[in-house]
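In: Predicted model follows, preceded by the sequence.
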Amino acid sequence: MESTLRAMVALGIALLLVMLRLEAERFGAAEYDEATAGHLPALRRRLSWYALGLILLFVIFVAYPAPRSDLHLTTGDRLEAILFGLGFGAVGTAQAVAFAWLRYRRLRLPEPKLYAGAVVNALGTALIDEAAFRGVLMGFVLLAGVDGSTANVIQALLYALATRLGAPGRDRYMLVLVLLIGLAGGWLTLATGGIGAAFVGHSITRFATFLTTGHPGRVALPGHESEDVERVHRPPEGWQVVPDGARRRR
């Protein structure tokens with residue numbers, strides 16, 4: 001009876017974690033507002049989101065009878081976590097470089113002032129995402145009797161929906177990326193017995209995307225990049241802009 005009650009409490013808190021992920025942008029976390037990046041209020045909101053997520057995960061860890069074995073709230077095999085995580089990160093970095101080259105024809109390095117926020121974003125968001133979706137959520141789906149492959153697909157789809165990257169006006173590249181991150185992270189969690197490898201690979205992939213695209217969070221739609229806007233307002237090639245004062249003197 002007690003174990004059942006503790007499991008129900010953990011499941012309820014898991015649903016709160018999903019709701020917290022849905023509201024990540026409101027806190028300035030995950031795909032946060034680039035216009036406010038680096039401002040103290042935005043940093044406070046972001047840190048409060050991480051704190052809430054970690055508190056909820058801690059309560060689940062304490063409340064649920066077997067969080068390590070059933071909910072994968074452990075690193076798993078440490079050697080496998082490091083090796084598979086670095087492999088995951090290498091593939092994630094390669095796709096980030098390829099995307100930047102196809103979109104911008106160059107690596108669009110970000111402003112130095114954004115690096116600190118991006119590191120916090122990559123580590124904090126990856127930790128909460130992996131623990132909540134590849135750990136707790138997929139663990140409960142498996143406990144319901146669903147096979148591993150189906151459970152992995154279910155949690156990955158729910159994760160992609162929770163990021164709200166499928167909403168109108170969002171770049172579909174990011175939606176596909178988070179879906180693949182979810183699937184790869186779930187597979188690694190099942191293979192290693194913990195979320196360690198998924199966390200390492202997710203963090204590297206998220207930070208590599210920041211480094212190559214220049215965006216601390218959400219990638220802008222084609223035509224809405226700063227270069228695209230500047231190009232629209234630039235005079236045609238070969239034209240010379242004459243200041244108003246020079247025209248009057250003539």
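Out: Here it is on my side, so go on.

In: Please make it C-alpha for all contacts and neighbour counts, starting now.
Out: Noted.

In: Mind checking the pLDDT average for the top helix by length along the chain?
Out: In the chain, with assignment by DSSP state H, the single longest helix is helix 78-104. Regarding helix 78-104, the rounded mean pLDDT is 95.

In: Kindly report the same for stretch 109-127.
Out: 87.

In: And stretch 182-202, by the same measure?
Out: 97.

In: where along this structure do the helices fall?
Out: 2-22, 40-63, 67-71, 78-104, 115-129, 138-143, 148-162, 172-192, 196-213, 226-233, 244-249.

In: which of these sits most buried?
Out: helix 196-213 (a mean of 26; mean count of other CA atoms under 10 Å).

In: What is that one packed up against?
Out: For helix 196-213, the packing partners by 3 or more CA pairs under 8 Å, 6 or more residues apart in numbering; DSSP states H and E come out as helix 78-104, helix 115-129, helix 172-192.

In: Nearest to A51, out of those helices?
Out: Among the helices and strands packed on helix 196-213, helix 115-129 comes nearest to A51, with 9.4 Å by CA to CA.

In: Check which helices and strands the closest one sits against.
Out: helix 40-63, helix 196-213.

In: Nearest to A29, out of the helices of the chain?
Out: Using CA to CA, the nearest of these to A29 is helix 40-63, at 4.8 Å.

In: average pLDDT for that closest one?
Out: On average, helix 40-63 scores 87.

In: helices or strands up against that helix?
Out: helix 2-22, helix 115-129.

In: tilt between the longest one and helix 115-129?
Out: Just to be clear, that refers to helix 2-22. 150 degrees (axes from the mean of the first three to the mean of the last three CA atoms, to 10 degrees).

In: Next, format the helices of the chain as CSV and append distance to A29.
Out: Formatted as CSV, those follow (distance: least, CA to CA, whole Å):
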stretch, distance to A29
helix 2-22, 9
helix 40-63, 5
helix 67-71, 24
helix 78-104, 21
helix 115-129, 7
helix 138-143, 23
helix 148-162, 13
helix 172-192, 15
helix 196-213, 13
helix 226-233, 22
helix 244-249, 46
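
In: Take the helices and strands packed on helix 40-63 and lay them out in CSV including distance to H215.
Out: CSV is the format used below for those (distance: least, CA to CA, whole Å):
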stretch, distance to H215
helix 2-22, 20
helix 115-129, 9
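
In: still on that earlier bit, from the chain's centroid, how far away is the longest helix of the chain?
Out: Relative to the centre of its chain, helix 78-104 is centred 14 Å away, using CA atoms, centre = their mean, to the nearest Å.

In: Mind giving me the packing neighbours of that helix?
Out: helix 172-192, helix 196-213.

In: Can you lay out the ones you listed as CSV showing distance to T150?
Out: Compiled in CSV, those are given as follows (distance: least, CA to CA, whole Å):
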stretch, distance to T150
helix 172-192, 11
helix 196-213, 18
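
In: Compare the ones you listed and report which one is nearest to L73.
Out: Closest to L73 of the helices and strands packed on helix 78-104 is helix 196-213 (CA to CA; 8.9 Å).

In: returning to that earlier point: if we compare the helices and strands packed on helix 115-129, which one ends up closest to R103?
Out: Closest among these, using CA to CA: helix 196-213, at 8.8 Å.
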